[in-house]
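Here is my input; please provide its structure:
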Amino acid sequence: MKGSVSHEETRDGFRFRGGLAALDLTATLTGRLKETQRDLLARPEDVVRWLRAAEFECGTIAPDDHLLDSARRLREAIYTLTMGRITGQALPARARTVLNSIARLPAAAPEIDSDGRARLRSDAGALLAFVAREAVLLLGGEMADRVRQCEGDGCAILFLDTSRSGDRRWCSMAACGNKRKVAEFRRRKREGR
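Numbers count the residues shown, from 1 in each chain. Alright, predicted model coming up:
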């Protein structure tokens with residue numbers, strides 16, 4: 001069941017660096033800090049594809065525009081509220097209303113399989129409701145102060161800092177962290193240090 005950091009950061013074209021599905025959903029709009037963004041949830045089928053890539057077992061009910069709209073609204077509400085928490089700003093009423101209304105919907109319930117693993121199996125709407133509840137519990141709970149935005153150049157990925165020291169700076173050491181270290185090394189080399 002999704003809920004912990006996966007060793008595999010990219011699945012089916014989606015990035016999973018947040019540590020929780022609720023934070024990973026926000027990464028489906030890329031380039032947030034750049035002039036041009038790209039919405040990875042372009043079609044209703046993309047929502048189902050993301051849910052499956054997030055390791056949920058999504059039913060085969062045909063996705064529709066309502067599902068796409070719900071996923072996008074949920075994504076933006078989570079992003080807005082998370083950034084409000086990070087920056088210490090008041091949490092916008094509209095984003096809270098969207099998140100709370102989706103979290104109130106019937107949500108997927110975890111099940112234990114014969115192999116002893118917990119899984120979530122349901123239709124896409126119930127899985128999105130589960131993601132919304134995860135966001136509510138994160139942003140309204142003890143771990144809210146451990147949510148960060150990547151400090152990588154132009155990266156807006158949100159992640160849960162589970163490091164012991166609580167000072168993680170990048171969504172991924174292999175990606176943004178490595179880029180920063182290489183740039184710093186080159187800068188020092190140019191300066192003759």
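
what's the host helix or strand of R96 packed up against?
Here R96 sits within helix 93-103, counting by DSSP states H and E. Secondary-structure packing of helix 93-103 (3 or more Cβ pairs under 8 Å, 6 or more residues apart in numbering; DSSP states H and E): helix 65-87, helix 124-139. Any C-beta I mention is one placed from the backbone N, CA and C, and that applies to glycine too.

Can you give me the buried ones in stretch 136-143?
Neighbour-count burial for stretch 136-143, with 16 or more other Cβ atoms under 10 Å as criterion, is recorded at 136, 138-139.

whoops, I mixed them up, stretch 26-34
By neighbour count on 16+ other Cβ under 10 Å, the buried set for stretch 26-34 is 26-30, 32.

Against which helices or strands is the strand ranked longest in the chain packed?
Longest strand in the chain by number of residues (criterion: DSSP state E): strand 118-122. Other helices and strands packing on strand 118-122, by 3+ Cβ pairs under 8 Å, 6+ apart, are strand 57-58, strand 110-112, helix 124-139.

Switch these over to a markdown table; also include mean pLDDT.
Formatted as a markdown table, the helices and strands packed on strand 118-122 follow (pLDDT from 0 to 100):
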| stretch | mean pLDDT |
| --- | --- |
| strand 57-58 | 91 |
| strand 110-112 | 92 |
| helix 124-139 | 97 |
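
Out of these, which is closest to T87?
Evaluated with Cβ to Cβ, those place helix 124-139 nearest to T87, the distance being 13.1 Å.
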